[in-house]
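> need coordinates for the following:
(one chain, ligands or ions: 1)
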Amino acid sequence: MNTLSISSARVVPALNDRIAIVTGAASGIGHAQARLYAAAGAQVVAVDRSSDALLELVSTIRGDGDKAVSITADLTSTSDIARLVKETTDQFGRIDILANTAGLHDGYVRSLETSDELWDRLFDVNVKAVFRLTNAVLPGMLERGHGVIVNIASVASFVAGGGGPAYTASKHAIMGYTRQLAHEYGRKGIRANAVCPGMVETGMTREVLSDSTSRFVKAVNAVPAGRFAQPEDIADVALFLATDAARFMHGAGVMVDGGLTVR
Ligand SMILES: NC(=O)c1ccc[n+]([C@@H]2O[C@H](COP(=O)([O-])OP(=O)(O)OC[C@H]3O[C@@H](n4cnc5c(N)ncnc54)[C@H](O)[C@@H]3O)[C@@H](O)[C@H]2O)c1
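Numbering: from 1, shown residues only. This is a model prediction of the structure:
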């Protein structure tokens with residue numbers, strides 16, 4: 001197994017020569033994951049619907065001497081998903097790692113105020129897009145008998161209050177989907193796992209976290225870690241799950257929440 005020093009303090013198995021799709025790469029956790037996967041030796045295909053930020057990301061990664069390309073795609077579009085998988089396999093011949101990170105929050109809108117439209121939008125991005133992209137990538141992985149899927153779920157995959165009902169239900173769904181993938185394809189060489197972050201400072205939470213008097217900031221500051229997460233705190237664990245070091249992990253939901261859910 002190859003090794004690569006990510007920092008002087010840690011040595012983890014490298015992703016050398018692995019082809020990794022990272023969705024939601026224009027911002028937050030996906031952005032940090034794309035940079036870290038590239039630093040670990042992967043050829044990263046950075047995907048998002050926001051093209052300017054993607055181009056900036058790819059030029060930063062290349063500036064660091066690592067490898068990445070960008071594909072602008074709306075993951076709720078079946079034709080965009082087909083194009084993304086075709087362009088990636090045409091260029092690189094295969095996909096080894098699929099990091100499903102793109103997601104939307106519902107702004108804590110309560111059930112009685114949640115419209116059908118909001119519910120559908122959350123499920124389209126947080127669940128159906130992941131299901132469709134995974135199904136588009138799985139046949140190639142199964143043919144080679146090897147593939148890694150890393151989904152970004154949430155503490156909202158296990159407990160209430162991390163969002164409104166649309167967000168919480170969609171994140172419970174993605175955890176169930178991750179387990180089902182592990183159950184169905186683990187023996188065929190596919191490893192599917194999820195990272196379950198607590199509150200992370202990203203585009204998704206910036207507004208909520210900017211108000212130091214809000215109940216969210218107070219709650220987060222009371223967790224054992226005493227702070228909210230930075231995207232890199234989550235990307236580190238998402239990197240671990242993508243490497244061979246996590247070879248015995250199937251269908252896990254790894255809590256990375258600073259202790260938010262310990263009680
Ligand atoms: N920030 C948190 O506190 C937190 C906590 C737990 C889980 N998560 C999860 O982490 C993941 C990443 O969120 P983040 O915090 O980095 O948010 P973010 O808003 O910073 O990034 C999300 C990215 O997804 C992209 N995206 C959304 N819909 C898309 C679509 N249809 N097609 C293509 N790209 C699309 C956005 O353009 C954006 O760049 C999400 O799945 C989120 O639910 C976040």
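
> need the strands for the stretch 51-200 of the chain, in chain order.
Shown for the stretch 51-200 of the chain, the strands assigned by DSSP state E, counting those that start in this stretch span residues 67-72, 97-100, 147-152, 190-197.

> what does the host helix or strand of Ala38 contact?
Assigned by DSSP states H and E, Ala38 belongs to helix 28-39. With CB atoms under 8 Å, 6 or more residues apart in numbering as the test, helix 28-39 has contacts from 6, 15, 20, 22-25, 44, 46, 48, 53, 57, 60-61, 64, 66-68, 97, 99, 101-102, 152, 197, 200, 202-204, 230-232, 234-236, 238-239, 242. All C-beta atoms are positioned from the backbone trio N, CA, C, and that covers glycine.

> so of the strands of the stretch 51-200 of the chain, which one's packed in deepest?
Between the strands of the stretch 51-200 of the chain, strand 97-100 has the highest mean count of neighbours, a mean of 28, where neighbours are mean count of other CB atoms under 10 Å.

> what mean pLDDT does stretch 235-246 get?
pLDDT averaged over stretch 235-246 equals 97, rounded to a whole number.

> could you check whether it is close to the ligand?
No - contact of stretch 235-246 with the ligand is not found when judged by CB under 6 Å from any ligand atom; the minimum separation is 9.7 Å.

> tell me the buried residues in that stretch?
Buried positions in stretch 235-246, judged by neighbour count with 16 or more other CB atoms under 10 Å: 235-243, 246.

> what's the spacing between that stretch and its chain's center?
Mean C-alpha position of stretch 235-246 versus that of the full chain (CA atoms, centre = their mean, to the nearest Å) differs by 12 Å.

> and whichever residue of the stretch 101-250 of the chain sits closest to the ligand, what does it touch?
Residue nearest to the ligand within the stretch 101-250 of the chain: Gly103 (2.2 Å; CB to the nearest ligand atom). Contact criterion CB under 8 Å, 6+ apart gives 24, 125-126, 152, 204 as the residues in contact with Gly103.

> could you redo the last one with a cut-off of 7 Å?
Gly103 makes contact with 24, 125-126, 152, according to CB atoms under 7 Å, 6 or more residues apart in numbering.

> circling back: present the strands of the stretch 51-200 of the chain as TSV; the columns should include mean pLDDT and distance to Arg215.
As requested, the strands of the stretch 51-200 of the chain are arranged in TSV below (pLDDT from 0 to 100; distance: least, CB to CB, whole Å):
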stretch	mean pLDDT	distance to Arg215
strand 67-72	98	37
strand 97-100	99	30
strand 147-152	98	24
strand 190-197	98	19
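
> tell me which two in the contacts of Gly103 are the farthest apart.
Considering CB to CB, no two members of these lie farther apart than Val125 and Ile152, which are separated by 12.0 Å.

> so where do the helices sit in the stretch 51-200 of the chain?
If DSSP state H, counting those that start in this stretch is used as the criterion, the helices of the stretch 51-200 of the chain fall at 51-63, 78-92, 116-123, 129-144, 165-185.

> just these: most buried one?
For the helices of the stretch 51-200 of the chain, the largest average neighbour count (mean count of other CB under 10 Å) is found in helix 165-185, namely a mean of 20.

> what is that helix packed up against?
Contact partners of helix 165-185 among helices and strands, from 3 or more CB pairs under 7 Å, 6 or more residues apart in numbering; DSSP states H and E: helix 116-123, helix 129-144, strand 147-152, strand 190-197.

> in a markdown table: these, plus distance to Ala38.
Written out in a markdown table, the entries for those read as follows (distance: least, CB to CB, whole Å):
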| stretch | distance to Ala38 |
| --- | --- |
| helix 116-123 | 29 |
| helix 129-144 | 19 |
| strand 147-152 | 15 |
| strand 190-197 | 18 |
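
> how much space separates Asp48 from Ala82?
Counting by CB to CB, to the nearest Å, the separation of Asp48 from Ala82 is 17 Å.
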